[in-house]
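Participant: What follows is a predicted protein model with its sequence.
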Amino acid sequence: MRTPRPCGVCGAAGAAKYRCPRCAAAYCSVPCCRTHKAPLCSPAGGAWSVEDILREGEEQDRVPLQKLQLLAESEELRGLLLNPHLRQLLLTIDQAEDKSSLMKKYMQEPLFVEFADCCLRIVEPPEKENILPE
């Protein structure tokens, strides 16, 4: 496992757990990523693609871009994201050092489970054979 470097955006020591897929600049969070991308490292045309973020072999469980776009179109998900408590949980996970243990803890929170289930239903709808007939 790599040792985190200082964030190239905010300068937080040892906090950079992520890197820009274009220039490999280190950053520590989604807000720092957005700050970095906006003026410094936007690709030609200004739009980021899945290939910019994920390279072959980096992720085992990729979700196709078309399915990710369904998340943005979901009214149910938008409704859940209006909840300030859920937004705080998601922000806390994003900024956490040990994301996996925090995720385990939050999977006990009914609101977070509702959010996760909603996302999964959108990107991976239940198969018809598993649904009871009405």
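Facilitator: Right, received. Where do you want to start?

Participant: All the helices of this structure, residue numbers only.
Facilitator: Per DSSP state H, the chain carries helices over the ranges 30-37, 50-53, 65-73, 75-81, 84-95, 99-106, 110-123.

Participant: Reformat the ones you listed as JSON lines; add mean pLDDT, distance to residue 8 and mean neighbour count.
Facilitator: Every residue, glycine included, has its C-beta placed from N, CA and C. Formatted as JSON lines, the helices of the chain follow (pLDDT from 0 to 100; distance: least, Cβ to Cβ, whole Å; neighbours: other Cβ atoms under 10 Å):
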{"stretch": "helix 30-37", "mean pLDDT": "76", "distance to residue 8": "7", "mean neighbour count": "17"}
{"stretch": "helix 50-53", "mean pLDDT": "52", "distance to residue 8": "17", "mean neighbour count": "13"}
{"stretch": "helix 65-73", "mean pLDDT": "86", "distance to residue 8": "26", "mean neighbour count": "12"}
{"stretch": "helix 75-81", "mean pLDDT": "94", "distance to residue 8": "28", "mean neighbour count": "13"}
{"stretch": "helix 84-95", "mean pLDDT": "91", "distance to residue 8": "17", "mean neighbour count": "13"}
{"stretch": "helix 99-106", "mean pLDDT": "89", "distance to residue 8": "20", "mean neighbour count": "13"}
{"stretch": "helix 110-123", "mean pLDDT": "93", "distance to residue 8": "30", "mean neighbour count": "14"}
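
Participant: Which among those is found nearest to residue 24?
Facilitator: helix 30-37 (11.2 Å; Cβ to Cβ).

Participant: between the closest one and helix 84-95, what angle do the directions make?
Facilitator: Here helix 30-37 runs at an angle of 60 degrees relative to helix 84-95 (axes from the mean of the first three to the mean of the last three Cα atoms, to 10 degrees).
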